[in-house]
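# Give the three-dimensional model of this entry:
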Amino acid sequence: MQPWRGRLVAGVLAVALGGLAAWGWQRTSTAAAVRELEFKGNFYRTKWSEAEIRRGIDYYDRAIALDANALDAYGGLASAWIFLSDLHVSPRDAMPRARAAAEEVLRRDEARADAHVTLGVIKLQYDWDFAGADREFARAIELEPAFDTGARFLRGWLRMAEGRLTDAQVDLQRAVEQDPSSEMNLWSLGLSFYFARQYEAAIEQYRRAIAAEPRSYWAHMSLGWAYERQGRVADAIAAIEQARRLVDTPQVVAALVHVQASAGRRAEAEATMTSLLEYAKRKYVSPYDLATASAGLGDDAETLAWLEKAYEERSGWLALRLKIDPTFDSLRADDRFRDLLTRVGHTP
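Take a look at the predicted model:
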């Protein structure tokens, strides 16, 4: 080979290898950036306040903009929209977005167990398709039987919603055994006792959850519910006010209305209800929460009207809690309430 040809080949190879190195570095750099954005999204998604969940969504969106195949980001995005639904955003706005993200994961990889779990939650909370949710959880367990994908944990929520509380306790107890430090596992197990009207057992789990994570507003609020059912209204108010200091959601305020009324503090309960209704003019408040507050005030007609509104909005709380929630026990003989249960997919 003549010298000039050798130099030309060497130059071409140098450029090519340099390009490959730059491409490899860029790919590695992008992957690292995506992982960092997903990590931040996961952190903020679970903080329960609207601003923080939306911040998590922004991180997931940025990850997907960098890499359209970032399946973990799509999965996190679906979960974040589910967390917003009912608590801060109408299900009719949030859940279609959650479904689109979950289905995008499954379109690219049908064997993703976590995406089947997420789709199961959507079928349970939004479609009110209990059998379909069960199939999705079963598919997730089939795909990863030895790995805790959350399928059994969420199947426990499905069993609660169906009124199969003993079965729910089996799945939720297993979740606690797998991760006894998870405050969500602990207060979820507590809910299975609460809805079974086993209030002392529920309180034990809520206290364990608070010990694991003192800032768990769910555990404090649920503790207040159980205290109220025991007639310990002062303790109930203290627990729910603590929950409100942690995360001031309409759900907590509705619980406060209910317990203030139970405590005989009628004027205070009505004032809190007025503030909640004023807030609802500016921000989203789940009709289910307004029904909870109305039930505390003893207004059956208003309670049923709010529950009908929750039905129109496809509230997930109707699927998850209506059949078993002690809040509405006084209405269970009412034909209108029984008809609502049937329309949601429950047997009265």
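# Pick out the residue closest to the middle of this protein.
Phe83 (4.0 Å; C-alpha atoms, centre = their mean).
# count of neighbours near Tyr311?
17 (other C-beta atoms under 10 Å). Heads up, the C-betas are built off the backbone N, CA and C, glycines and all.
# Report pLDDT for it.
The model reports Tyr311 with a pLDDT of 98.
# Could you do Gly19 as well?
So Gly19 comes in at 49 (pLDDT).
# Please report the distance of Ala263 from Ala94.
Distance, Ala263 to Ala94, using C-beta to C-beta, to the nearest Å: 34 Å.
# out of these two, which sits in the busier spot?
Per other C-beta under 10 Å, whichever of Ala263 and Ala94 has more neighbours is Ala94, with 23 against 17.
# nearest spatial neighbour of the more buried one, skipping sequence neighbours?
Leaving aside its chain neighbours, Ala94 sits nearest to Ser85 (3.8 Å; criterion: C-beta to C-beta, 6 or more residues apart in numbering).
# if I pick the one you found, what's in contact with it?
Neighbouring residues of Ser85 by C-beta atoms under 8 Å, 6 or more residues apart in numbering: 91, 94-95, 98, 125-126, 316.
# Also Asp171?
152-153, 155-156, 159.
# what do you get for Arg135?
Gly120.
# Could you say which helix or strand holds it?
Per DSSP states H and E: Arg135 is located in helix 130-143.
# again with Phe193
helix 183-195.
# So which residues make contact with that helix?
153, 156-157, 160, 165, 168-169, 172-173, 175-176, 178-180, 199, 201-206, 208-210, 212-213, 216, 218-219, 222, 225-226, 229, 321, 324-326.
# Just the CA trace of it, in CSV.
Extracted C-alpha coordinates of helix 183-195, given in CSV (Å, rounded to 0.1, in the frame of the first residue of the first chain):
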residue,chain,number,x,y,z
GLU,A,183,-45.6,1.7,56.3
MET,A,184,-47.9,1.3,53.3
ASN,A,185,-48.0,-2.5,53.8
LEU,A,186,-48.7,-2.0,57.5
TRP,A,187,-51.6,0.6,57.2
SER,A,188,-53.1,-1.4,54.3
LEU,A,189,-53.2,-4.5,56.6
GLY,A,190,-54.8,-2.2,59.2
LEU,A,191,-57.5,-1.2,56.7
SER,A,192,-58.4,-4.8,56.2
PHE,A,193,-59.1,-5.1,59.9
TYR,A,194,-60.8,-1.7,60.0
PHE,A,195,-63.3,-2.6,57.3
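# next SSE after that helix?
helix 199-212.
# Return the list of helices and strands in contact with that following helix.
helix 183-195, helix 217-229 (3 or more C-beta pairs under 8 Å, 6 or more residues apart in numbering; DSSP states H and E).
# Mean neighbour count and distance to Arg282 for those - can I get that in CSV?
Shown next, in CSV, are these (neighbours: other C-beta atoms under 10 Å; distance: least, C-beta to C-beta, whole Å):
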stretch, mean neighbour count, distance to Arg282
helix 183-195, 24, 29
helix 217-229, 25, 21
